[in-house]
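Trainee: The following comprises the amino acid sequence and a computationally predicted model.
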Amino acid sequence: MHTLPNLPPSVAREVLATLCATLPPPVADTAEARAARDETAMAAVAALHPADAFEALLAAQIVEADAHAMDCLRLAVQAGQQPEDVRRCRAQAATMMRHMQSGLRALQRTQSMREKAEATMHPAAMDRAGYWFRDASPPLPPSPAQADAPQPADLTDAEQYAAVYPDRAARIRAHGGLPMRLDFGPPDPAVVDALVNGTSPILRALDHRPPAAAAA
């Protein structure tokens, strides 16, 4: 069964229908080859980590554009092609690759904006991380440690990201950049750079997280 993690089955079915209708046919146009093509395409969509229906459809467009680019390149190297046909196929492949890369950048921007919005909308996560203190009980005079604790508005984007996603931030810092096997939406490049090179207490604390947590 074709599924997309964290998304309803109806969304996965719609994405699969879109892929089946728009992907180029496999070289050996058999039922088994089509099933393998569809399985690979859905796996590629899932690898882009869409979090909602819009991101899933955008991810499908990226996969479709990449598949058509590869199909154009396949046609370009077929035996017996005239030079002008080869040039046309290669030009079409280049166009589809640009569409794919543009879609990928749009998806990454969308995911980064969503994660940034989630970071500002989840104070409980930051409270659990210990970067500021909130209490629903009647206010008491703050202790010196509470008085000196950083407030949300005082945190940089990288510090907010580290507060809400400490495991991800620790992995980024430990790798000196985005891990090669990325299993979450990447933050903005500026946030990645700050996570790697930042020297604030919050970011330095990432260096001392337990290895098991950093690799989660």
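Mentor: Yep, it's here.

Trainee: where in this protein is pLDDT low?
Mentor: 1, 120-154, 210-216 (pLDDT under 70).

Trainee: Can you show me the helices along it?
Mentor: Assigned by DSSP state H, the helices in the chain fall at 9-22, 31-47, 53-76, 83-121, 123-129, 144-148, 157-164, 166-175, 189-197, 201-204, 211-214.

Trainee: Quick check on Pro8: phi, psi?
Mentor: Main-chain torsions, Pro8, degrees, to the nearest 10: phi -60, psi 150.

Trainee: how many other residues sit next to it?
Mentor: Close neighbours of Pro8, defined as other CB atoms under 10 Å, add up to 11. C-betas here are computed from N, CA, C, even on glycine.

Trainee: Next, the buried residues of stretch 20-39.
Mentor: Applying a neighbour-count criterion of 16 or more other CB atoms under 10 Å, one finds Leu23, Pro26, Arg37, Asp38 buried in stretch 20-39.

Trainee: tell me the contacts of the third one?
Mentor: In this case it means Arg37. Leu23, Pro26 (CB atoms under 8 Å, 6 or more residues apart in numbering).

Trainee: Relative to Leu4, how far out is it?
Mentor: Distance from Arg37 to Leu4, counting by CB to CB, to the nearest Å: 17 Å.

Trainee: Next: the first one.
Mentor: Leu23 sits at a distance of 17 Å from Leu4 (criterion: CB to CB).

Trainee: One more: the second one?
Mentor: To Leu4, Pro26 is 22 Å away according to CB to CB.
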